[in-house]
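K.L.:
just to be clear, the model below is a prediction. Sequence and coordinates:
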Amino acid sequence: MLLHCTAGLAGALGLAVKAIHVNHRLHPNADHWERFCRRQSQRLGVPLVARRVAVPSTTGLGLEAAARQARYGAFETVPADMVLLGHHRDDQAETVLFNLCRGGGPKGVSGMRMARGRYVRPFLELDRAALERYARAHGVEWVEDDSNGDPALTRNYLRHELLPRLECAIPAASRNIAAAADRFREACVLLDDLARLDLAEHAAGFPVPRRRFRDLPELRARNALRYLLDQAGVPISGDERLREAVRQLQSARPDRHPEILFGEWRVSCARGAVTLDRSV
């Protein structure tokens, strides 16, 4: 559907468009889906770039996150001024609710951005029902991943069980949850601004003098460390690691050299400087 809309607009505006399909090779129908995308692209007169990726099972991220990482890695191999993604408002509500149930902080529950770098989600304020109406009205074919109906998967449970019940009890619940993401995102902007103020000239990244963390209240020190890790692209699975890192940075004696692991990354302190490097 995204391709159908984009191809029509591109023709009217004289823009060059290509489709990107990533085959994760995780589902028995993966090759069938790739062939389907080729047929649709040919029908619309749009060239297709197909990428087949290997999704590792040893990253510790979980299958969904590992697949996402592999998918965006494939996107990065395709030269383009802009990459459009098909996420819609119901996806946003699921993401916010999923991250909230997992104990995510403001960043986790701020959901997906409409635009970030060259990645743009033009459907993020439209619900699935509206997109399906458009597809039926224009004769657009689509395929469903049959695993989307498996309630044993957390996101599917949210989609098919929890969110419909919420909609019955609280009309427009999905829309309001998705809208809340914008307010969480604003809070994240303010927290990042505070971190840059607290880090001053060291906001550019590691190494950072240990005294910078020792001179801050615990909450602001944790926010500053979270900001630095986020800027370095280090995934933070929960708040406990951050709490422990700040506790050690603030309380360890000068002759101690604390080391805290964040997945494959290590925050360590020696000679009064806090540094970041890979632990493996």
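P.N.:
Perfect, I can see it now. All of these numbers come straight from a predicted model, not from anything done at the bench.

K.L.:
which residues of the chain fall in helices?
P.N.:
In the chain, the helices defined using DSSP state H lie at 2-13, 30-44, 63-75, 89-101, 128-137, 154-157, 163-169, 173-199, 210-214, 218-231, 239-251.

K.L.:
same list (these) but as CSV, adding mean pLDDT and distance to Glu264.
P.N.:
The way it works is simple: take the backbone N, C-alpha and C, and place the C-beta from them, glycine included. Formatted as CSV, the helices of the chain follow (pLDDT from 0 to 100; distance: least, CB to CB, whole Å):
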stretch, mean pLDDT, distance to Glu264
helix 2-13, 85, 34
helix 30-44, 95, 28
helix 63-75, 88, 13
helix 89-101, 91, 22
helix 128-137, 94, 36
helix 154-157, 85, 25
helix 163-169, 92, 34
helix 173-199, 94, 23
helix 210-214, 94, 22
helix 218-231, 96, 13
helix 239-251, 91, 13
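
K.L.:
end-to-end on stretch 49-66?
P.N.:
Stretch 49-66 has an end-to-end distance of 21 Å (CA to CA, to the nearest Å).

K.L.:
also stretch 97-114?
P.N.:
For stretch 97-114, the end-to-end distance is 18 Å (CA to CA).

K.L.:
how far does it sit from its chain's centre?
P.N.:
Remark: stretch 97-114 is offset 9 Å from the chain centroid, using CA atoms, centre = their mean, to the nearest Å.

K.L.:
identify each buried residue in it, please.
P.N.:
Using 16 or more other CB atoms under 10 Å as the burial criterion, the residues of stretch 97-114 that qualify are Leu97, Phe98, Asn99, Gly104, Gly105, Pro106, Lys107, Gly108, Val109, Ser110, Gly111, Met112.

K.L.:
again with stretch 226-246
P.N.:
Result for stretch 226-246 [16+ other CB under 10 Å]: buried residues Arg226, Tyr227, Leu228, Leu229, Val234, Ile236, Arg241, Leu242, Ala245, Val246.

K.L.:
and it, end to end?
P.N.:
Stretch 226-246: ends 10 Å apart by CA to CA.

K.L.:
and for stretch 81-90?
P.N.:
27 Å.

K.L.:
am I right that Pro56 is in contact with Ala66?
P.N.:
Yes. At 5.9 Å, Pro56 and Ala66 qualify as touching, with contact defined as CB atoms under 8 Å.

K.L.:
contacting residues around the residue nearest to Asp150 when sequence neighbours are not counted?
P.N.:
Nearest residue to Asp150 in three dimensions, chain neighbours excluded: Asn156, at 5.4 Å (CB to CB, 6 or more residues apart in numbering). With contact set as CB atoms under 8 Å, 6 or more residues apart in numbering, Asn156 has these partners: Ser147, Asn148, Gly149, Asp150.

K.L.:
which of those sits closest to Asp192?
P.N.:
Set against Asp192, the nearest of the contacts of Asn156 by CB to CB is Asn148 (34.4 Å).

K.L.:
measure that closest one to Arg241 for me?
P.N.:
Asn148 sits 32 Å away from Arg241, going by CB to CB, to the nearest Å.

K.L.:
what do you get for Ile20?
P.N.:
Distance, Ile20 to Arg241, using CB to CB: 35 Å.

K.L.:
which residue is the nearest non-sequential neighbour of Asp198?
P.N.:
Per CB to CB, 6+ apart, closest to Asp198 is Ala224, 4.9 Å.
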